[in-house]
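Participant: Next input, structure requested:
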Amino acid sequence: MLKKLNQKLANKNVQIFLFIIFSAFFIILFLQHALLHKSSFIDQKFIIECKSTLETHRVIVTKDKFNPAKVEAKQCDQLTFINQDKVSHKIAFGEHSNHLVYPGFRELVLRHGQANTFTLVAYGSFQFHDHFNDDLKGLLVVAKK
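Facilitator: Predicted coordinates for the structure are as follows:
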């Protein structure tokens, strides 16, 4: 009976040890991602509430470029990224190592044929890129309404 009890305790200790190792591994992964991919936020004074949208601009994502690579728009216009490539793309604002959180925009993985549309509520110049292909870069210039 003592042998069975010792075996149960040993198994329990192994389970606790494995739990600690796996937990530490995931915490390290999370911290590494957070440190490598910092995010910046747009100052609230550059943001307005849009009661309606005006014009819709489209950026076509292909294997080797954004078309157009520069978009000029106004606050309350909409912007749509459309993936026409056979592989997935993840559009993000800011530089690759320092993402910019653009209000209302969600970083989504766009598969072939998928689109991501959002309203341009903040004015200024904003670089965007494909998070999966750092060579794909573009510029969004939003004029104040």
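Participant: Residue nearest the middle of the protein, spatially speaking?
Facilitator: By Cα atoms, centre = their mean, the chain has its centre lying nearest to Glu107, at 3.2 Å.
Participant: Who's the closest spatial neighbour of that residue, skipping the chain neighbours?
Facilitator: With sequence-adjacent residues excluded and distances taken as Cβ to Cβ, 6 or more residues apart in numbering, Glu107 is closest to Ala92, at 5.0 Å. Where you see a C-beta, it was placed from the backbone N, CA and C, and this is true even at glycine.
Participant: That neighbour against Phe126, yeah?
Facilitator: No. Applying Cβ atoms under 8 Å as the test, Ala92 and Phe126 come out as separate, 10.7 Å apart.
Participant: what about these two, which has more around it?
Facilitator: Ala92 (22 against 19; other Cβ atoms under 10 Å).
Participant: So what sits opposite Ile60 in the bridge?
Facilitator: Asn67, Ile82 (DSSP bridges).
Participant: which residues touch it?
Facilitator: Contact partners of Ile60, counting by Cβ atoms under 8 Å, 6 or more residues apart in numbering, are Phe66, Asn67, Ile82, Gln84.
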